[in-house]
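Undergrad: Got a predicted structure here, sequence first:
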Amino acid sequence: MDEISSAAGLTVRVANPPKDVVDQLLAGSAPQRLAAKDPTLWGPEAEPEASKRLGWVDTFERSRALLPQLAELLVELADLDHVVLAGMGGSSLAPEVITRTTGKPLTVLDTTDPGQVRAALADRLERTVVVVASKSGSTVETDSHRRAYWQAFLDAGMTEAEAGRHFVVVTDPGSPLLAVGQIGRA
């Protein structure tokens with residue numbers, strides 16, 4: 001296995017690397033440009049879209065500020081031991097990979113199949129925390145999951161305040177989903 005390092009602190013390990021391509025990327029400062037969120041790396045046609053899609057590059061740095069909130073949330077929700085992630089596409093893919101890697105239990109609800117939704121709703125409802133994840137905050141399928149769980153909690157005899165405690169919202173600032181989460185009515 002060959003190892004190639006760059007000035008940006010990124011290390012790439014590749015079996016039999018295509019040296020000419022690697023040399024070209026390094027000569028063009030691709031690692032440094034990626035670290036700087038340079039959307040021109042993807043070419044002129046993709047640049048407008050790339051400029052909106054590079055937030056992940058420094059997520060590890062920005063996420064540190066969330067650690068105290070997450071620790072507080074962990075204490076607040078300590079009695080809820082069944083986690084359901086309601087999200088579609090990219091909002092469910094990373095959590096699914098993380099849970100497979102760490103071995104932590106997580107139910108990923110990324111379908112509109114009525115049978116699967118019913119099964120998820122019937123599984124340990126009173127001990128469930130629903131993580132509603134949508135970057136845009138307007139994904140119809142994810143909102144349908146949120147509404148189905150909301151109604152299930154109310155049908156189980158919970159007050160709106162009790163039901164609201166069973167939700168965590170993950171979305172972009174200013175999204176419609178954030179507004180719903182902030183008023184306590186997930």
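TA: Looks like it arrived, so ask away. Numbers count the residues shown, from 1 in each chain.
Undergrad: Buried residues of stretch 129-146, list them for me.
TA: Under the neighbour-count criterion of 16 or more other Cβ atoms under 10 Å, stretch 129-146 has 129-135, 137, 139, 141-143, 145-146 buried. The C-beta positions use only the backbone N, C-alpha and C, and glycine is treated the same way.
Undergrad: and if you look at stretch 85-97?
TA: Buried-residue list, stretch 85-97, by 16+ other Cβ under 10 Å: Leu85, Ala86, Gly87, Met88, Ser91, Ser92, Pro95.
Undergrad: Tell me which two of these sit farthest apart.
TA: For the buried residues of stretch 85-97, the farthest-apart pair by Cβ to Cβ is Met88 and Pro95; their separation is 11.8 Å.
Undergrad: before we move on, the earlier item: tell me the one of the buried residues of stretch 85-97 nearest Thr171?
TA: Nearest to Thr171 among these is Ser91, at 8.8 Å by Cβ to Cβ.
Undergrad: how far away is the closest one from Gly28?
TA: For Ser91, the distance to Gly28 equals 32 Å [Cβ to Cβ, to the nearest Å].
Undergrad: repeat for Lys135
TA: According to Cβ to Cβ, Lys135 stands 30 Å off from Gly28.
Undergrad: cool, Trp42 as well?
TA: In terms of Cβ to Cβ, Trp42 sits 13 Å off from Gly28.
Undergrad: neighbour-wise, which of those two wins?
TA: Legend: neighbour count by other Cβ atoms under 10 Å for Trp42 and Gly28, higher for Trp42 (15 against 11).
Undergrad: For the more buried one, give me its contacts.
TA: Residues in contact with Trp42 (Cβ atoms under 8 Å, 6 or more residues apart in numbering) are Glu49, Ala50.
Undergrad: how about the helices of this protein, start to end?
TA: Here the chain has its helices, by DSSP state H, at 19-27, 30-35, 47-50, 59-62, 67-76, 90-102, 114-121, 140-155, 160-164, 176-182.
Undergrad: And the ones you listed, which one averages the lowest pLDDT?
TA: If you rank the helices of the chain by mean pLDDT, helix 176-182 sits at the bottom with a mean of 79.
Undergrad: Could you break the chain into its assigned domains?
TA: 2-60, 77-182 (automatic domain parsing).
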